[in-house]
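> structure for the following, please:
(one chain, ligands or ions: 1)
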Amino acid sequence: MSTVTQEVGGKTQRKLLNHDNINPHIRRVQYAVRGELAIRAENLKAAIAKRGRNGFSFDSVVNCNIGNPQQLKQKPITFFRQVASLIDYPDLLIPENQSKVEALYPIDAIERARKLLKQIGAVGAYSHSQGIESIRNDVAEFIKERDGYSTDPALIFLTQGASQGVQNVLQIIISHSNVGVMIPIPQYPLYTATLALYDGKPVPYYLNEEQDWGLDIAELTSSLAKARSEGVEVRALVIINPGNPTGQCLSEHNMKEIIEFCYREGLILLADEVYQANIYYPAQRPFHSFKKVLKSMGPEYDEFELFSFHSISKGLIGECGRRGGYFECTGIDPKVVDELYKIASVNLCPNVHGQVMVDLMVKPPKSGDPSYDLYQNECREIYESLRRRSAKLCKVFNSMEGVTCNSAQGAMYLFPQITLPQKAIEAAELSSHQPDEFYCLAMLDATGVCVVPGSGFGQKDNTWHFRSTFLPQEELFEGFCGLLTKFHNEFMDKYRD
Ligand SMILES: Cc1ncc(COP(=O)(O)O)c(C=O)c1O
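Numbering: from 1, shown residues only. A predicted model of the protein is given here:
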């Protein structure tokens, strides 16, 4: 192994492990959501904390770069945290504490915590590697109720967020470096990052911005044909529905076409459905799971191979930091399921707090329970507010010179396109940035609003976008949107051709 000698802080250091000789696949990984902009935003936050507003035209940094609702002060669901806190400190459940606890907690939270603790044993212990059996049973019940088709809990894997599930599944699919996986462009960078890490080939297909970021089968067909003509062994297709960063929600008809396409072409389908509860036009664009649509297509499709992913990080829960999720295997060879179990065992088990939250997500209070009304009200408030915020921000973007923005049918993001003046593009080149990166850095410096440049998600050549969440608190929206509009006008005036 080559060693290097390098100067660090005036000292000479000899390193056996250095940037040149680490796993090259890791060097290739890019993750824009936490890239240069996010780092600059963190530095700005630290500077404001130290110096106050001095020298800045804003009071605080607003992180619109990542779908992390509780970072932007979304309140956790009360019932979920009540149960989680009781499970974390089981002494609260001993008879001596009963009257004190009953004064603080509703009876259904106490009963649920007792029941979960009985099933789990202890949250501080490793669980079954695939996830606690009773929680997988509850996930199976949830899927059956959602789709109308039953499922086998043995085919459900609880994971540390959907990310870990996606990584495990891609890892098992990428059997050699010429394996291709079709991914949408724009895409959530988990996919390109994981493909880089496991040395697979991204096979991009473009979403149609003019058609509300819709998905054309003709585009899938030509992208697949191109990759195959280049000798790539394309094995799988990733669909993100509702979309990130694009917010589209697929129609049932379109989903059937996608299933037929995969079936015809011999592709495994990976359905990333983490935004299934973030649907803003439920009458026109309801969420359908791929599992349900597949099952509705009859026995001809019995052998179809599908992985579906879900998470506690999104929806109206936003418990990103607890790292919980699951994936369901449909039509997957039992021996492959065994190998997935082996990978899960290498990680011992998904964290138990995340598993508990998955249980609460799939089995919330039901009608008649003491916590039902509060749970419903909290969910409704978050949902209605997300809808209002998405519409407001979309309107603001569309009112800006040279900006067009599709409304979000689902998820938590807007992905506006900006037509940048030539002078801005030249200034970006001079500063060694992509034009959209240059625009987003200028936005951050002028407003404290941190978004992610479109180049981090992929976009058609010579088009420029950025992704912004609509998660900032509603009461901050006036000020925040005002700052964005002022910045944009000044930017355009400065660089107008
Ligand atoms: C489309 C999509 N899939 C997966 C994830 C990963 O979510 P988590 O690992 O927190 O469940 C995200 C997170 O933003 C996402 O947007």
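> dump the helix or strand where residue 193 lies to PDB, restricted to CA.
Taking DSSP states H and E as the definition, one finds residue 193 inside helix 190-197. Coordinates of each C-alpha in helix 190-197 appear next as PDB, following Å, rounded to 0.1, in the frame of the first residue of the first chain:
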ATOM      1  CA  LEU A 190     -29.400   8.200  -2.800                       C
ATOM      2  CA  TYR A 191     -29.700   6.300  -6.100                       C
ATOM      3  CA  THR A 192     -26.600   7.700  -8.000                       C
ATOM      4  CA  ALA A 193     -24.600   7.600  -4.700                       C
ATOM      5  CA  THR A 194     -25.500   3.900  -4.000                       C
ATOM      6  CA  LEU A 195     -24.800   2.900  -7.600                       C
ATOM      7  CA  ALA A 196     -21.400   4.600  -7.400                       C
ATOM      8  CA  LEU A 197     -20.700   2.900  -4.100                       C
END
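> elements contacting it?
Using 3 or more Cβ pairs under 8 Å, 6 or more residues apart in numbering; DSSP states H and E, the elements in contact with helix 190-197 are helix 24-28, helix 161-173, strand 179-185, strand 201-206. For glycine as for every other residue, the C-beta is placed from the backbone atoms N, C-alpha and C.
> just checking: what are the partner strands of the last one?
Right, the one you point to is strand 201-206. Strand 201-206 has the following sheet partners, assigned by DSSP bridges: strand 179-185 (parallel).
> now find how far off-centre the helix holding residue 193 is within its chain.
Computed by Cα atoms, centre = their mean, to the nearest Å, the chain-centroid distance of helix 190-197 equals 14 Å.
> do stretch 249-259 as well
In terms of Cα atoms, centre = their mean, the gap separating the centre of stretch 249-259 from the centre of its chain is 21 Å.
> that stretch near the ligand at all?
No: figure legend: stretch 249-259 not in contact with the ligand (Cβ under 6 Å from any ligand atom); closest approach 12.9 Å.
> residues making contact with that stretch?
214-215, 217, 220, 237, 239, 241-243, 269, 279, 281, 285-288, 290, 293-294, 297, 301, 304, 409-410 (Cβ atoms under 8 Å, 6 or more residues apart in numbering).
> list buried residues within these.
Buried positions within the contacts of stretch 249-259, assessed by neighbour count (16 or more other Cβ atoms under 10 Å), are 214-215, 220, 237, 239, 241-243, 269, 279, 285, 287-288, 290, 293-294, 301, 304, 409-410.
> narrow those to those in helices?
When DSSP state H is applied, these are split such that 220, 290, 293, 294 fall in helices.
> same list, the residues you listed, but as a markdown table with pLDDT please.
Converted to a markdown table, those look like this (pLDDT from 0 to 100):
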| residue | pLDDT |
| --- | --- |
| 220 | 97 |
| 290 | 98 |
| 293 | 98 |
| 294 | 98 |
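> that older thread, looking at the helices and strands packed on helix 190-197, which is closest to the ligand?
Proximity of the helices and strands packed on helix 190-197 to the ligand was assessed by Cβ to the nearest ligand atom; the nearest stretch is helix 161-173, lying at 2.6 Å.
> got the contact list for that closest one?
With Cβ under 8 Å, 6+ apart as the test, helix 161-173 has contacts from 157, 159, 179, 181, 190-191, 194-195, 197-198, 200, 235-236, 268, 270, 272, 274, 307, 309-313, 320, 323-327, 336, 339-340, 343-344, 347, 350, 354.
> if any of the residues you listed are buried, give me the ChimeraX selection for them.
With 16+ other Cβ under 10 Å as the criterion, this ChimeraX line picks the buried residues out of these:
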select :157,159,179,181,190,191,194,195,197,198,200,235,236,268,270,272,274,307,309,310,311,312,313,320,323,324,325,326,327,340,343,344,350,354
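> buried residues in the helix or strand harbouring residue 381?
Element membership of residue 381, judged by DSSP H and E, is helix 372-398. For helix 372-398, the neighbour count (16+ other Cβ under 10 Å) marks 372, 375, 378-379, 382-383, 385-387, 389-390, 392-394, 396-397 as buried.
> likewise for stretch 18-31?
Residues of stretch 18-31 classed as buried under the neighbour-count rule (16+ other Cβ under 10 Å) do not occur.
> endpoints of it, how far apart?
Across stretch 18-31, the straight-line distance between its terminal residues is 21 Å, by Cα to Cα, to the nearest Å.
> any idea of the mean pLDDT for that stretch?
Within the predicted structure, the mean pLDDT of stretch 18-31 is 87.
> how about the residues of this protein near the ligand?
Counting by Cβ under 6 Å from any ligand atom, the residues of the chain that sit close to the ligand are 67, 161-163, 188, 190, 240, 244, 272, 274, 311, 313, 320, 325.
> just those residues now: which is nearest residue 117?
Nearest to residue 117 among those: residue 325, at 21.9 Å, using Cβ to Cβ.
> okay, helices next: where are they in the stretch 351-497 of the chain?
Along the stretch 351-497 of the chain, the stretches classed as helices by DSSP state H, counting those that start in this stretch are 352-362, 372-398, 422-430, 435-447, 477-495.
> mind putting those helices into a markdown table with distance to residue 209 and mean pLDDT?
Written out in a markdown table, the entries for those read as follows (distance: least, Cβ to Cβ, whole Å; pLDDT from 0 to 100):
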| stretch | distance to residue 209 | mean pLDDT |
| --- | --- | --- |
| helix 352-362 | 32 | 97 |
| helix 372-398 | 14 | 96 |
| helix 422-430 | 20 | 95 |
| helix 435-447 | 14 | 95 |
| helix 477-495 | 20 | 93 |
